[in-house]
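*Asks:* Give the three-dimensional model of this entry:
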Amino acid sequence: MGNCYCKQGPVSLSINEIGVYEKENKKEESKKDKILKTANDNNILHLNPDKKKGTRRRVSFLEDPEKEKEREKNRIDNNDYFKRRIKQKVFHSVKSPEELIQLNNQMKLENYIENDESVTDDKTLNFTSNNGSETSNISPKKKFKRRNKRSVTGVDKSQLNKKLIKFEKSIRILTENLIIQQKGNLNENYEIIKKIGVGTLGTVYKAKNKYLKNIVAIKMIKKIKENEDDNEIIDEINKLKKLSHPNIVRIHEFYCSQKYHQIITEYCKKGNLNKYIRNSLTEKQLAVIFYQIFSGLCYLHENNIIHGNIKLKNIMFLTKEEDNQTKEEYFWVKIIDFSIDKIFNKNKQDSLEYSSYYKAPEMFQNKFSDKTDVWSIGIILFLALTGKVPFDGKTDDEISNKIQNDPYNELEPMLLAHSSESRDLLDKLLEKDMEKRISAKQALNHEWFKNYHGRALFSNFRLDEIQQYIHNLCSYSSESKISQLVLAFLVHNIPISTSTYTILKLFRLFNTSGDCKLTKDELKKGLYNYRNEEQVNEIVEELFLVLDGGSNGYIEFEEFYRACVNKKELLTKENIWYAFKFLDENNTNTIELRTLMKAFDAEPNKMLEAVFNKTLNKEDNNTGIMTFQEFEEMMLNTMKD
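*Replies:* Got it, this is the predicted structure:
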């Protein structure tokens, strides 16, 4: 027999019992060593049991639990002590290094929320030190009695969840973050079909995405020198990534190889305006086309971008639709081929790439502005109404002389056959004095579009067509942020469908200004026809909180589209896999938290980590990563909501 001494006196143990005791004690010490090593490796402030001052006291299993409770009650009025003791006990309850890290992250989050004024409201119960900061109104005794209902640091869990929900809704999704520079070889993801054009910037090819099976256009811009610096072209692409308008061609992604810059854009399968200009388009059809052109041009100019190469071949048609009543065809217009792709300074001239027929008078005096684009649209309108260019000639010099000095033929018979409103707009567009010429925004509000139903395309649908989209729009804010990110990525990259066209018409119907910037007032007025006023006000506030990615006070079409889209149509297995690979940055067939953070317009912090962990933990059993099966299940569950 041997004696083992403890606080309460000697305890008699047999030799076998001593062996078992020592073996178990070694196991326990080994586990504690691993936990302490993990704490040191991860800079976790732990309390060394071997020190007496400034660290926690080890709670012995031999100590009377009642005495321990009594000691805490006697000292509970000290807030610092209270918080420290709770943390000490919880740290001692950990059973593995993994649990220690998880617990430490939770404590950091709760301390972050407790000290962050932006996510703290008056109802939050704060436990703070005696350094002059705020303390709770609840008495120390009540704090102690209610501590088990709270989290590790004493923050009320219900308040914590409310703050996380509020913070999650405030996280922004920007379209520009969905357009990335891809690594590797373009041929791994795309199959080149044929060459479809040669422009001022390079050669354009028709190609097929090997994952989505959709058709895209690829612009190959040859580098002046092999391996030249990519930064300049990447800067220009980054500026264009911020553009989001239904009448401006979308960029999907881009590559930079040894010899080429390769930009992947949507493919406009219905050809360009040059193909249809001589096919006797009605004035109503032309009004719908030019309304969209001016809408896109107005958006560019408001973003300080001059197109610089307006001509027939750069006005493309994405789709066309037949009017149910008149049987006339209407086209969805896309403006393509930005020649300079540069943010402009009105006091400085850049090398604009206008063709001779489309040059404005001021360009021959080395002047230009956003109204230079407007002149070119005037040339196209004259050509659309008459089948001729207004200033013709055998040489460039003859053409330029007429542009600068001669008026266009207002008595052209084909021109006189059209409405006075169309001729009035033409007069304002082909004003030789740049200062007197109307802007794209002024043109957008011209009487021709009002009298000839330039917006007719956007009111041609049945009520039953849009009921589901209205429902999707009103319930969008309840989606998790990761689900919203996936929907945003797919909406930007998948080819358009019939539903896309209907959602565009709904957006245009609400956007009465025609600038494709849907304001709160416009959205409220549009929704009043489908919901009561109280519901609408609440819905609109929630939508702007989660959809207004640029925090600029309006919703753009793509943001509107991702809220209205039919998820069953969008979330096919192929599309979900494509979105998964976009988020699988390291090609490990998993999604990591840090990759998700990069896709959002937010700096990494504990609140952001908590928002994503809330979703990830639900799906992947607290491993910090998500597999495709878990990702797919999460996205399919959104269709059940």
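
*Asks:* Count the residues that sit near N304.
*Replies:* 13 (other CB atoms under 10 Å). Every residue, glycine included, has its C-beta placed from N, CA and C.

*Asks:* same deal with L300?
*Replies:* Neighbours of L300 (other CB under 10 Å): 20.

*Asks:* all helices of the stretch 301-450 of the chain, in order?
*Replies:* 370-386, 396-405, 413-416, 420-429, 440-444, 447-451 (DSSP state H, counting those that start in this stretch).

*Asks:* now the second one: mean pLDDT?
*Replies:* Mean pLDDT, helix 396-405: 93.

*Asks:* After the one helix or strand in the chain whose mean pLDDT sits lowest, which helix or strand is next? Please name it.
*Replies:* When the helices and strands of the chain are compared on mean pLDDT, DSSP states H and E, helix 140-146 comes out lowest with a mean of 39. With elements assigned by DSSP states H and E, the helix or strand that comes after helix 140-146 is helix 157-170.

*Asks:* helices or strands next to that following helix in the packing?
*Replies:* helix 97-115, helix 533-547, helix 606-620 (3 or more CB pairs under 8 Å, 6 or more residues apart in numbering; DSSP states H and E).

*Asks:* what's the most buried one of the helices of the stretch 301-450 of the chain?
*Replies:* helix 370-386 (a mean of 23; mean count of other CB atoms under 10 Å).

*Asks:* Report the inter-axis angle for that helix versus helix 420-429.
*Replies:* 140 degrees (axes from the mean of the first three to the mean of the last three CA atoms, to 10 degrees).

*Asks:* Report the backbone C-alpha coordinates of helix 370-386 in CSV.
*Replies:* Only the C-alpha atoms of helix 370-386 are listed here, as CSV (Å, rounded to 0.1, in the frame of the first residue of the first chain):
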residue,chain,number,x,y,z
ASP,A,370,-19.2,63.0,-74.4
LYS,A,371,-21.3,64.8,-77.0
THR,A,372,-18.9,63.5,-79.6
ASP,A,373,-20.6,60.1,-79.2
VAL,A,374,-24.0,61.8,-79.5
TRP,A,375,-23.1,63.2,-83.0
SER,A,376,-22.2,59.6,-84.1
ILE,A,377,-25.6,58.4,-83.0
GLY,A,378,-27.1,61.2,-85.1
ILE,A,379,-25.3,59.8,-88.1
ILE,A,380,-26.7,56.4,-87.4
LEU,A,381,-30.2,57.7,-86.9
PHE,A,382,-30.1,59.5,-90.3
LEU,A,383,-28.8,56.3,-91.9
ALA,A,384,-31.6,54.3,-90.2
LEU,A,385,-34.3,56.7,-91.5
THR,A,386,-33.1,57.3,-95.0
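
*Asks:* Which other helices and strands does that helix contact?
*Replies:* helix 283-302, helix 413-416, helix 420-429, helix 440-444.

*Asks:* what's the closest of these to K517?
*Replies:* With CB to CB as the criterion, K517 lies closest to helix 283-302 of those, at 8.1 Å.

*Asks:* picking up where we left off before, make a markdown table out of the helices of the stretch 301-450 of the chain and add distance to S244.
*Replies:* Putting those into a markdown table (distance: least, CB to CB, whole Å) gives the following:
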| stretch | distance to S244 |
| --- | --- |
| helix 370-386 | 19 |
| helix 396-405 | 34 |
| helix 413-416 | 36 |
| helix 420-429 | 26 |
| helix 440-444 | 17 |
| helix 447-451 | 23 |
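
*Asks:* Go through the ones you listed and name the closest to F544.
*Replies:* Per CB to CB, nearest to F544 of the helices of the stretch 301-450 of the chain: helix 440-444, 23.4 Å.

*Asks:* Put the alpha carbons of that closest one into CSV.
*Replies:* Extracted in CSV, the C-alpha atoms of helix 440-444 (Å, rounded to 0.1, in the frame of the first residue of the first chain):
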residue,chain,number,x,y,z
ALA,A,440,-27.5,61.6,-74.3
LYS,A,441,-29.6,62.1,-71.2
GLN,A,442,-31.6,64.9,-72.9
ALA,A,443,-32.0,62.7,-75.9
LEU,A,444,-33.4,60.0,-73.7
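
*Asks:* No further questions, thank you.
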